[in-house]
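Return atomic coordinates for the entry below.
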Amino acid sequence: MKIEDYLYHRAPYLLIEKVESISHKQITTSKELREDEFYFKGHFPSAPVLPGALMQEMTTQTAGILIAKEYNPLGKDYDTNNFDPKRPALGVLSRVKDARYKSFARPGDLLHIQVDLIESLDNYFEFKAKILCGDKLIMSNHFILSNILSQELIASS
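Below you'll find the model as predicted:
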């Protein structure tokens, strides 16, 4: 499964490397943190750690893959290489209900991101997620993604 077929995100902001498993209501992805990742250079130079906001983004991107694969209103017409303002943008972060950061992730760590779909209603999708480093829980959250028209992402002049 090629992640770029399901998300508009591209390097360096594509934060997921591999889909480990996927079903109608659950997905697990992974990411190995390399020392040369852009965010380690300034967060923090003498003690590099993965920013919490990017942990949130990893869970959001993982959930976005699930939406694009299992709940995509465009079906096979969904093309992540052709941004079209008349089509829906899938999995836009609408709300973070809860996020808890329990530990740090550092260069060399292999992260597993597990996301469970709790409920879906029309274009709104509620998720619970967790990030594990080995057997250790380092982050958990609860959030909502929505499908909106892509034109809403474009700034008006």
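
wait, doesn't Ile113 sit right on Ile22?
No: the criterion here is CB atoms under 8 Å, and Ile113 misses it with Ile22 at 12.0 Å. Glycine gets a C-beta too; all of them are placed from N, C-alpha and C.

residue ranges for the helices of the protein, please.
52-70 (DSSP state H).

Name all residues that make contact with the residue nearest the centre of the chain.
When the chain is reduced to its mean C-alpha position, the nearest residue by CA atoms, centre = their mean turns out to be Gln61, at 1.5 Å. Going by CB atoms under 8 Å, 6 or more residues apart in numbering, Gln61 touches 7, 9, 14-16, 29.

where's it relative to Leu121, distance?
Distance of Gln61 to Leu121, given as CB to CB, to the nearest Å: 22 Å.

What segments of this structure are strands?
Here the chain has its strands, by DSSP state E, at 18-22, 26-32, 88-101, 110-121, 124-133, 136-149.

Could you give me the buried positions within the first one?
This points to strand 18-22. Residues 19, 22 are the ones in strand 18-22 that count as buried (16 or more other CB atoms under 10 Å).

and it with helix 52-70, angle?
50 degrees (axes from the mean of the first three to the mean of the last three CA atoms, to 10 degrees).

and the residue lying closest to Tyr124 once chain neighbours are set aside, what is it in contact with?
Distances taken as CB to CB, 6 or more residues apart in numbering put Ser146 closest to Tyr124, at 5.1 Å, once the chain neighbours are dropped. By CB under 8 Å, 6+ apart, Ser146 lies in contact with 91-92, 94, 123-125.
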